[in-house]
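Participant: Mind folding the following:
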Amino acid sequence: MHGTDILKIILLAVLINLAVAGDYYISFKYYVKNYRLVYSKFNCSKALTNSKAPKKLLFSFKCRGDISECCFKYKDKIVDLLLKKVVFISSNDHIEKTKLTTTQKLTFLPQRFDIIIKNGSIYFYIKGE
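Facilitator: Just a heads-up that it's a prediction; the model follows:
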C-alpha cells in the first residue's frame, strides 16, 4: 500500500464516522458587562465521535428546519437555559491586612448533547450526567 492509499482509507473512516455521529457540542464565550452576562461565539456543532454516555432531557422547543437552523434561531433561549442548569460558580475571598479581594468565577464547559428533531420539536438531551 502506498501512503496516499492509507490517507484515503483514514479520510474515508473519518467521513463515515461523521455521518453516523449523533452527538453535538454547544459552547459559547461570555463576560460580565455592567452587571449583565453577555455571550458571544455561540457554537452548535456536530461531534466527531458518538458517545454512549447516558443522557437526560434538558429542554425542548417547537422548531421546523434542521438542527443547525433551530440552534441558531433559539440561541438566546438555549444560552439562558444552559446558564440556569449547567454552570459552575465558585467564589474566593482573600483578606490581606485591610484589603479584601473577592473573585467569582463562572464556568460553562462545552457540553455534549444528543439533539433530536421529532414531530416539529427539537429536544436537547445532555450526555454524561
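Participant: quick one: low-confidence parts of the chain?
Facilitator: 1-22, 105-110, 129 (pLDDT under 70).
Participant: Dead centre of the chain: give me the residue that sits there.
Facilitator: residue 26 (1.8 Å; C-alpha atoms, centre = their mean).
Participant: hang on, it in a helix?
Facilitator: No. Per DSSP: H, G, I helix; E, B strand; the rest coil, residue 26 lies outside any helix segment and is strand.
Participant: And the residue lying closest to residue 67 once chain neighbours are set aside, how close does it get to residue 69?
Facilitator: What sits nearest to residue 67 in space, not counting adjacent residues and going by C-beta to C-beta, 6 or more residues apart in numbering, is residue 115, at 5.1 Å. Backbone N, C-alpha and C define where each C-beta goes, glycine included. Applying C-beta to C-beta, to the nearest Å, one obtains 12 Å for the distance of residue 115 from residue 69.
Participant: just to revisit the earlier point, and the spatially closest residue to the residue nearest to the centre of the chain that is not a sequence neighbour, how many neighbours does it have?
Facilitator: For residue 26, ignoring the flanking residues on the chain, the nearest one in space by C-beta to C-beta, 6+ apart is residue 44 at 5.2 Å. Counted by other C-beta atoms under 10 Å, the residues lying close to residue 44 total 20.
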